[in-house]
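Chemist: Here is my input; please provide its structure:
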Amino acid sequence: MPCYFYILFSDSKGKFYIGHTCDNLSERLRKHNSQHKGFTGGVGDWTIVYSEEYREKTRAYQREREVKAWKGRKRIERLIGSASSRHPG
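Modeler: Residues are numbered from 1 along each chain as shown. The predicted structure follows:
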């Protein structure tokens, strides 16, 4: 089963959320958009703006930790933008 490193964005919060999962990515997004307590709860407008697929959970988690350590929105935006330019449309 594939695992994913992903970045979500909420227009209403104007913030990114960085995570990883070995669940179905669409189902994970549905959970983030549900009414729950926590950083992503209660907003309902999270969208997946970037993802990478991995064979092992440890690699997806390592990538999450790596990107979270950047501590810079600009670097995250560059990562998302580079993926968009490689995959137009």
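
Chemist: okay, CA-based contacts and neighbour counts for the rest of this
Modeler: Fine.

Chemist: ok, which stretches of this protein are helices?
Modeler: Shown for the chain, the helices assigned by DSSP state H span residues 25-32, 57-70, 73-86.

Chemist: Show me what the shortest one packs onto, helices and strands only.
Modeler: Identification of packing neighbours for helix 25-32 by 3 or more C-alpha pairs under 8 Å, 6 or more residues apart in numbering; DSSP states H and E yields strand 46-54.

Chemist: quick one: average pLDDT of the strand it packs on?
Modeler: For strand 46-54, the mean pLDDT works out to 97.

Chemist: what does it rub up against?
Modeler: With C-alpha atoms under 8 Å, 6 or more residues apart in numbering as the test, strand 46-54 has contacts from 2-11, 29, 32-33, 40, 60, 80, 83.

Chemist: out of those residues, which are buried?
Modeler: 3-10, 29, 32-33, 40, 60 (16 or more other C-alpha atoms under 10 Å).

Chemist: Where does pLDDT dip in this protein?
Modeler: Filtered on pLDDT under 70, the chain yields the residue ranges 84-89.
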